[in-house]
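Student: please work out how this folds:
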Amino acid sequence: MQTLDVCRKEHGKIWHRKPAPSSDDGVIVTITNSVSSALSLQTRNVRFLHAAFDVTGDRFVAGDYQGNMFMFDVTRNRFSLVQRTGTPCTALAFTLRRKTEFLVGMSDYSLKCYDLDTKELVAWMKGHDSAIHTISVHASGRYAMTSSSEIAQLWDLDTFQRKKKLNIKGDVGIVKVFFLPLSNTIMTCCKDDSIFAWESDTLDCKYQLPAPPGKSPHYKAFASTRDGRLLVAGGRSRFLHVWALDTKRLLRIIQLQSKITTVRQLEFLPDKFDGGASQVLGVLSQDGIMRFINVHTCKLLFDIGTVEDRINSVTVSPTGHHIVGIMDSGNINLYSVQALTAEINKPPPPLVKVVASNKMSDSTAPHGGKPKGKGVRKGLKQGKQTVKDGSETKVKSDMPEGLNMERLMAILKGYGEYPGKYRMFIWRSILHLPENHAAYAALVDKGTHPAYEKVHEQYPIKSRKLLRVLQRSLSALSHWSAIFGETDYLPLLAFPFIKLFQNNQLVCFEIIATILVSWCQHWFEFFPNPPINVLGMVENVLAHHDKELLQHFVKYGVTSQVYAWPVLETLFSEVLTKDEWLRLLDNIFSNHPAFLLLVVVAYCTCSRGPLLQCIEFDDFTYFFHHRNTVDVGQVLTETYRMMDTTPADIHPKRMLEEFQPLTKGQYPVFNKYPKFIVDYQVQERERIRQDELDYLQQRYIV
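Tutor: Just a heads-up that it's a prediction; the model follows:
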């Protein structure tokens, strides 16, 4: 661990050798400000009081007891003295619109704005009668909310003028006032444990959160997720109260360790793959130790600080890479989150070769546990054979050596998607594509299917190569099973894969066929109508997880054929960008086929804001046929949550079979559809085609 003393220094390096934080404490560097007296050989420590990260998370500002403001740039390994104010600070925050400006609440009750680059005072605002203890900046960067023990004020950061004032009765007092992320809602938390939400423009009360049962919790600390959907509160007890702000209900109560008697601070740890739905919460207790727990599993992940070196307060970078701890000693500890989570994010152990007693055969077996996630696809077991030889058991897997589902799920958990360079190889492996060259060639040799002779008229594709591949692939699917010659949405479902695999048509065909067999189960039982049974499963899950949204759909006559079927029949390719779509398929292919149906529900619930605003039927139709500002990471996080929390009696897994790979040598028979209807449509199309030929022949003779 390295130490930096900023005493009598105006700039310099933070560390002089590359930091190597250990996974035990995660400390990158300790920053002190020791001052020695000319009359005494002893040095005294000037305490740091507060710190704040900028919006990039690359640098932070810290203020000490003498009013010195230091800037520390972690990326560039530089620090500098920004300002000598001469007055201790009581709160710090960066303004989001102008990235170099930051706000300082001073002990003289004033609010000042400084610029990091010019080191100049930008603005000086007055209006508080007591010390400012909280500064919260709106997501737009236009407004800031400051609060003291008796009053909260809304400031316009363009003009640096006070816009609104929120008075609280003197006998009640304010604990914290802050903006909810990504909204115009201001949350106020008072000493009587009341929590209100206000509209920032008018300061009209929007709602009040219900008080939890039992003794008064005496709230002291609050934190909300970046998507603004959860609010967590803690106080003079070992219980954390978690509210779902969508439903305004108390979601759960988390009981902490018995040694914790008071919660002093709460901070969510951001993750770039969670879509704002943060799961890791830091809890700073009275013993000076901050424990990071998963709010869904309530599992302790890691902690920082010790009883000997206590933490007074912390600041978490917006990227979730670093944590700044203001220590009880007055020093600053800079922590590396990567080092602290190294053990948690450790990949599964590698495969090792087990040499059997029979020297003619070697086998590989994974040494490690099975994945704990309930949604992990179990169908891969069907691609394995167990061969007993004497006392030893050898597992023979169809997947390439060094590749197993545990490793792949670890990659998905860590990065949210597979590496683009290896994505196609991974897909071919987890789908167990048989690569039946002879069988595919036999289907192609049958020529263009009559249903797709005029596909260019319905889908005018500019690239002639793509059009030929599309026609050939659709024809091969139709020759494999007659239903696909009558399925009008098949080109929409297949085209993204054809564009992706246009240079490997066999793989393209087999991926589409695998999807039709495993992920499109029961889709064709009501042909030519949409699969009412499958859409019913989606509606049941939506009713369980978001009844309000479903009631809104019912009110305006929006059925599952409007909000679920359009995204299912195109596999979300209409509503997502290419990168988002590939990321989604990484997760769909790696899980049980029921995962796809839950993605539809998650997509709706994550878009509930704009959907609840829609009242015209055409608006709903437009929404599910065009791209929207929905975070795929948030959708996937919500889907995994639904996989674990949906009751068994309505879970799609109850109705859908496990993943079934295509058979080797010959493709399986696909006849799960009403044959008489398909046969009738084939006959009708053939009759119309014959009538057209007769008409043309007669016209030619004339």
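Student: low pLDDT regions in the stretch 51-200 of the chain?
Tutor: Counting by pLDDT under 70, the stretch 51-200 of the chain shows low-confidence ranges at 169-170.
Student: at which residues are the strands of it located?
Tutor: Using DSSP state E, counting those that start in this stretch, the strands of the stretch 51-200 of the chain run over 59-64, 68-73, 78-84, 89-94, 101-106, 111-115, 121-125, 134-137, 143-147, 151-156, 161-167, 174-179, 185-190, 195-199.
Student: could I get those as CSV with distance to K248 and mean neighbour count?
Tutor: C-beta: built from backbone N, CA, C; applies to glycine. Formatted as CSV, the strands of the stretch 51-200 of the chain follow (distance: least, Cβ to Cβ, whole Å; neighbours: other Cβ atoms under 10 Å):
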stretch, distance to K248, mean neighbour count
strand 59-64, 34, 23
strand 68-73, 40, 21
strand 78-84, 42, 18
strand 89-94, 27, 23
strand 101-106, 31, 24
strand 111-115, 32, 20
strand 121-125, 34, 15
strand 134-137, 21, 22
strand 143-147, 21, 24
strand 151-156, 21, 21
strand 161-167, 21, 14
strand 174-179, 17, 22
strand 185-190, 12, 21
strand 195-199, 9, 18
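Student: which residues touch T247?
Tutor: E548 (Cβ atoms under 8 Å, 6 or more residues apart in numbering).
Student: so where's this structure shaky on pLDDT?
Tutor: Using pLDDT under 70, the flagged stretches of the chain are 36-42, 169-170, 273-276, 345-402, 673-685, 687, 689, 702.
Student: may I have the phi/psi pair for T341?
Tutor: Backbone geometry at T341, expressed as degrees, to the nearest 10, gives phi -100, psi 10.
Student: ok, E539 - contacts?
Tutor: L550, S560, A564.
Student: top of those by number of neighbours, please.
Tutor: Ranked by the number of neighbours (other Cβ atoms under 10 Å), these place A564 first, at 25 neighbours.
Student: so for stretch 88-98, first residue to last residue, what's the gap.
Tutor: By Cα to Cα, to the nearest Å, the extent of stretch 88-98 from end to end equals 24 Å.
Student: what's the offset of that stretch from the middle of its chain?
Tutor: 28 Å (Cα atoms, centre = their mean, to the nearest Å).
Student: CSV for the contacts of E539, including distance to R252 and secondary structure?
Tutor: Output for the contacts of E539, formatted as CSV (distance: Cβ to Cβ, whole Å; DSSP: H, G, I helix; E, B strand; the rest coil):
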residue, distance to R252, secondary structure
L550, 23, helix
S560, 30, helix
A564, 29, coil
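Student: nearest to V280, out of these: which one, please.
Tutor: L550 (30.9 Å; Cβ to Cβ).
Student: the closest one contacts A543, correct?
Tutor: Yes - the pair L550 and A543 qualifies as a contact (Cβ atoms under 8 Å) at a distance of 5.0 Å.
Student: still on that earlier bit, looking at the contacts of E539, which one is closest to Q660?
Tutor: A564 (23.4 Å).
Student: distance of that closest one relative to P593?
Tutor: Distance of A564 to P593, given as Cβ to Cβ, to the nearest Å: 15 Å.
Student: show me the contacts for the closest residue to R608 other than its chain neighbours.
Tutor: Spatial nearest neighbour of R608, chain neighbours left out: L549 (5.0 Å); criterion: Cβ to Cβ, 6 or more residues apart in numbering. Each residue near L549 by Cβ under 8 Å, 6+ apart is listed here: L542, C604, T605, R608, L611, L612.
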